[in-house]
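Asks: Give me a model of this one.
(4 chains)
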There are 2 protein chains.
Amino acid sequence: MKKVTINSVASYAGVSKKTVSRVLNNEPNVSDATREKVLKVFKELDYTPNPIARGLAQNRSFIIGCIYDNPSKSYITRVQTGALAACQENNYNLLIHPCDLRGDALISNIEHLLQSSRLDGLVLTPPFSDFKVLVDFLKSKKIPYARVASAVLEDDSISVRSNDEQGAFEITEHLINLGHKAIAFIKGHPDHSATEQRFKGYRRALSTHGIEFNERLVEEGNFSYHSGVDSARSILDLTPRPTAVFASNDYMAAAVLKLATQRQLKVPDDISIAGFDNAPIARHIWPGLTTIAQPVEEMTQQAVNKLIEHIGDPQEQPYQVTLEARLITRESTAQVK
Amino acid sequence: MKKVTINSVASYAGVSKKTVSRVLNNEPNVSDATREKVLKVFKELDYTPNPIARGLAQNRSFIIGCIYDNPSKSYITRVQTGALAACQENNYNLLIHPCDLRGDALISNIEHLLQSSRLDGLVLTPPFSDFKVLVDFLKSKKIPYARVASAVLEDDSISVRSNDEQGAFEITEHLINLGHKAIAFIKGHPDHSATEQRFKGYRRALSTHGIEFNERLVEEGNFSYHSGVDSARSILDLTPRPTAVFASNDYMAAAVLKLATQRQLKVPDDISIAGFDNAPIARHIWPGLTTIAQPVEEMTQQAVNKLIEHIGDPQEQPYQVTLEARLITRESTAQVK
DNA sequence: CTACATTATGACACCGGTGTCAGGGTTGAA
DNA sequence: TTCAACCCTGACACCGGTGTCATAATGTAG
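Replies: Just a heads-up that it's a prediction; the model follows:
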């Protein structure tokens, strides 16, 4: 396939490079006749502009980076799906970059990424969405960024989230309405802002319904399945055993379910279990997990769309949205006996 | 941050652009003194070459594309992990591109991707690895590609796989050794080459051990959890009920487990269940699934490494490797009663 | 009909690198 | 000593677009 460049189009159409460029970019000040002539040549020659040359001239790469450090594969996949959808709408591409949260290495890692890829913008996913050091760094370097599922909304950034606190409140309330009073809670990873939000929702539901908070019912997890196993062990060993467990995500909830089943406990007859996120595993196991569904794809797609808009026009307003999370009840929770 | 370009480095070091470029690319014919001088300036000025400019000059993007259409999220994540590892070693970036297998749209979709991104190469993951139309298209366009987990090895391409047929043989044999004779089988998606391979391994194990193949024990699935539910229903309704089920992947196996549990069957006491892939779910459920572990990350990493090598030097030999798959026994399979 | 604003177009430099080639300096063999 | 071969280096064009500015063509007000 011989290369079709802007030069061939220009000479073929009998106009200058610059005019072709104007048509490409929908610039004003091109006569309708000329525009149509050029557009026709585009088709005839099957011309596609070279994004690299374009990037060089405009100092843009048309690539968005997505950074993550998340134990939940399904979460990442959903984030990617949403980001990809937005990228495709805007003729951007998505570059994925897993990286470790810990330590100073992060900033230099990101710095290297930015220098070596010249990304136009960055999507921050949990736990990076609320990582102040990183956000400040990006701000100082004037790198456009968007935050997905951050706990805090700030005035001057793009941020799309869902209401974790409210979701946790609702699912806890659901358990309370089923008659549960001793509801154990497994926390998430301390670096994720969702961890605190979900914990807050749990506590608010308890206090709203006049149930005293009991610290012994709270276990520290980190969102991983493995941590869920450890927490589950402690919880199931308690006497009296709680009648329900609310884990901060579905993987940990699945771990509780596995351990409970291993110990011959019937779920939900002997113990109710609830999770969070509506990960695939929540419906792949028996009994299916009652959980909170967040519109992760939608959140990410909106965030990336706004990010790209912002890149095109840095005057663009900040964008802060909170989407609804909703309760999904399955078989893992039932009326207390 | 003011921009550090090759020009600033050159004038600062008192040499020409071209000499700086030579140092950058480790070209010969640069005196040691000059080379060191330039390298020192790199550090002092904290210079990073602009990949976009480089790409324009060399007509390369330093980006590898990875295309997929796979219902298994965990498989995709593993592929990405391996591909990213290889990319990072070689200062490449990874661009992910989900797309539909079906129809003519695929080729034009890929064509558009190539034109708009100028990818240096493509990684084909199942089911694309064995999709002849696509492979032929890439060959005709002279786009470098590598195939992951393809069934067939061809002479002139890069292809890294594991032995699905052998894996299926071993897990079936494992069931036979436990005394099972009526072993149901759930096939995968017909477009995936692994589907046929795994079926072959199953049949070979049966015939090796003198067990007659029974077509009624075979169900058509498509690797999705949902299809597993349907197949499980048919299998569990059989009389006499098979004593074991071998599903072509873990999601479908998990579906069998869920349905069996719903029907009050004890696994593995009443029925043994085996999967394939060693997906996370295999160890997240109870009982854990006996399955076959394939080194997906390793496969992809090798494939991408070779692909990048090939891009740098198109004379590079073809590369064809088959890695070992290994049996992992968990609680879902046991001696027949 | 002139004076001036506005629109349409192209020439040319530029983005930040790499490829080609020519020229000066060394080295080694004749 | 001479000449070819080789090593090192830089000038310059080029990759394929975009930005700036000058200029020609057209429109509009006085």
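
Asks: Would stretch A:73-93 count as contacting chain B?
Replies: Yes. Using CB under 8 Å from any CB of the partner chain, stretch A:73-93 reaches chain B at A:73-74, A:76-77, A:80-81, A:84, A:91, A:93. C-beta coordinates here come from the backbone N, C-alpha and C atoms, glycine included.

Asks: would CSV of those with pLDDT and neighbour count be doable?
Replies: As requested, those are exported to CSV (pLDDT from 0 to 100; neighbours: other CB atoms under 10 Å in any protein chain shown):
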residue, pLDDT, neighbour count
A:Lys73, 85, 21
A:Ser74, 87, 21
A:Ile76, 92, 22
A:Thr77, 91, 20
A:Gln80, 94, 25
A:Thr81, 93, 15
A:Leu84, 93, 24
A:Asn91, 82, 12
A:Asn93, 86, 25
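
Asks: helices and strands around the least confident helix or strand in chain A by mean pLDDT, which ones?
Replies: Least confident helix or strand of chain A, by mean pLDDT, DSSP states H and E, is helix A:105-117 with a mean of 84. Counting contacts by 3 or more CB pairs under 8 Å, 6 or more residues apart in numbering or on different chains; DSSP states H and E, helix A:105-117 packs against strand A:63-68, helix A:132-141.

Asks: ok, then the element right after that helix?
Replies: Downstream of helix A:105-117, the next assigned helix or strand under DSSP states H and E is strand A:121-124.

Asks: List the strands paired with that following strand, with their directions.
Replies: strand A:63-68 (parallel), strand A:145-148 (parallel) (DSSP bridges).

Asks: for A:Gln320, phi and psi?
Replies: The phi and psi values for A:Gln320, taken as degrees, to the nearest 10, are phi -140, psi 120.

Asks: pLDDT score for it?
Replies: Looking at A:Gln320, its pLDDT is 92.

Asks: Please name the bridge partners of it.
Replies: Bridge pairing for A:Gln320 (DSSP bridges) gives the partners A:Ser159.

Asks: Go ahead and confirm it touches A:Ser159.
Replies: Yes. Under the criterion of CB atoms under 8 Å, A:Gln320 makes contact with A:Ser159 at 5.2 Å.

Asks: Can you get me a residue count around A:Tyr225?
Replies: Here the number of neighbours of A:Tyr225 (other CB atoms under 10 Å in any protein chain shown) works out to 22.

Asks: Ok, which of the helices and strands packed on helix A:105-117 comes nearest DNA strand D?
Replies: strand A:63-68 (16.1 Å; CB to the nearest atom of the strand).

Asks: Can you check what angle separates the helix or strand hosting A:Lys306 from strand A:63-68?
Replies: Assigned by DSSP H and E, A:Lys306 falls within helix A:296-312. Orientation check (axes from the mean of the first three to the mean of the last three CA atoms, to 10 degrees): helix A:296-312 against strand A:63-68 gives 140 degrees.

Asks: Quick one: residues in contact with helix A:296-312.
Replies: Outside helix A:296-312, the residues that touch it by CB atoms under 8 Å, 6 or more residues apart in numbering or on different chains are A:60, A:64, A:75, A:78-79, A:81-83, A:85-87, A:89-90, A:92, A:120-121, A:123, A:125, A:144-149, A:158-162, A:316, A:319, A:321, A:323.

Asks: on that earlier part again, give me whichever of the strands paired with strand A:121-124 is most buried.
Replies: Stretch with highest mean neighbour count among the strands paired with strand A:121-124: strand A:145-148 (a mean of 27; mean count of other CB atoms under 10 Å in any protein chain shown).

Asks: Just the C-alphas of it, formatted as CSV.
Replies: Extracted in CSV, the C-alpha atoms of strand A:145-148 (Å, rounded to 0.1, in the frame of the first residue of the first chain):
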residue,chain,number,x,y,z
TYR,A,145,-6.1,14.5,34.7
ALA,A,146,-9.5,13.1,35.6
ARG,A,147,-10.4,11.2,38.8
VAL,A,148,-12.6,8.2,38.9
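
Asks: now the least confident helix or strand of chain A: how far from the chain's centre is it?
Replies: Distance of helix A:105-117 from the chain centroid (CA atoms, centre = their mean, to the nearest Å) equals 21 Å.

Asks: In it, which of the residues would be classed as buried?
Replies: Neighbour-count burial for helix A:105-117, with 16 or more other CB atoms under 10 Å in any protein chain shown as criterion, is recorded at A:106, A:110, A:113-117.

Asks: and if you look at stretch A:229-237?
Replies: For stretch A:229-237, by 16+ other CB under 10 Å, it's A:229-232, A:235-236.

Asks: So which of these reach chain B?
Replies: Answer for those near chain B: none qualify (CB under 8 Å from any CB).

Asks: Would you mind giving these as TSV with distance to B:Glu297 added?
Replies: Below are the buried residues of stretch A:229-237 laid out as TSV (distance: CB to CB, whole Å):
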residue	distance to B:Glu297
A:Val229	24
A:Asp230	26
A:Ser231	28
A:Ala232	29
A:Ile235	34
A:Leu236	34
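
Asks: between the residues you listed, which is nearest B:Ile176?
Replies: A:Val229 (32.5 Å; CB to CB).

Asks: Give me the three-state assignment for that closest one.
Replies: Following DSSP: H, G, I helix; E, B strand; the rest coil, we place A:Val229 in the helix state.

Asks: That one reaches A:Leu259, doesn't it?
Replies: Yes. Judged on CB under 8 Å, A:Val229 makes contact with A:Leu259 at a distance of 6.1 Å.

Asks: Poorly predicted segments of the stretch 201-337 of chain A, please.
Replies: A:316 (pLDDT under 70).

Asks: Nearest to DNA strand D: which residue in it?
Replies: A:Gly312 (11.2 Å).

Asks: I'd like to know how far that residue sits from A:Val9.
Replies: A:Gly312 sits 24 Å away from A:Val9, going by CB to CB, to the nearest Å.

Asks: before we move on, the earlier item: which neighbours do A:Gln320 and A:Ser159 have in common?
Replies: A:Leu153.

Asks: Up against DNA strand C, what does chain A have?
Replies: A:14-19, A:22, A:28-31, A:33-34, A:53, A:56-57, A:59 (CB under 7 Å from any atom of the strand).

Asks: Show me the strands in the stretch 201-337 of chain A, by range?
Replies: Remark: strands assigned in the stretch 201-337 of chain A by DSSP state E, counting those that start in this stretch are A:218-219, A:244-247, A:272-274, A:291-293, A:319-323, A:326-328.

Asks: quick one: the closest residue to DNA strand C within the stretch 101-250 of chain A and A:Glu36, what's the gap?
Replies: Minimum separation of the stretch 101-250 of chain A from DNA strand C (CB to the nearest atom of the strand) falls at A:Arg118, amounting to 9.3 Å. Relative to A:Glu36, A:Arg118 is positioned 35 Å away (CB to CB).

Asks: Give me the more crowded residue out of those two.
Replies: More crowded of A:Arg118 and A:Glu36, by other CB under 10 Å: A:Arg118, with 19 against 12.

Asks: For that one, give its distance to B:Asn90.
Replies: A:Arg118 is 18 Å from B:Asn90, by CB to CB.

Asks: now swap in A:Val9 and tell me
Replies: Taking CB to CB, one finds A:Val9 at 34 Å from B:Asn90.

Asks: Which residue of the two possesses the greater neighbour count?
Replies: More crowded of A:Val9 and B:Asn90, by other CB under 10 Å: A:Val9, with 23 against 16.

Asks: May I have the residues that are in contact with the more buried one?
Replies: A:Val9 makes contacts with A:20, A:38, A:41-42, A:45, A:47, as judged by CB under 8 Å, 6+ apart.

Asks: can we see that at 10 Å?
Replies: A:15, A:17, A:19-21, A:23-24, A:38, A:41-42, A:44-45, A:47, A:49 (CB atoms under 10 Å, 6 or more residues apart in numbering or on different chains).

Asks: Likewise for A:Ala86?
Replies: If you count contacts by CB under 10 Å, 6+ apart, A:Ala86 has them with A:64, A:92, A:94, A:123, A:146, A:297, A:300-309.

Asks: now, the most widely separated pair of those?
Replies: Among the contacts of A:Ala86, A:Glu297 and A:Glu309 lie farthest apart (CB to CB), at 18.5 Å.
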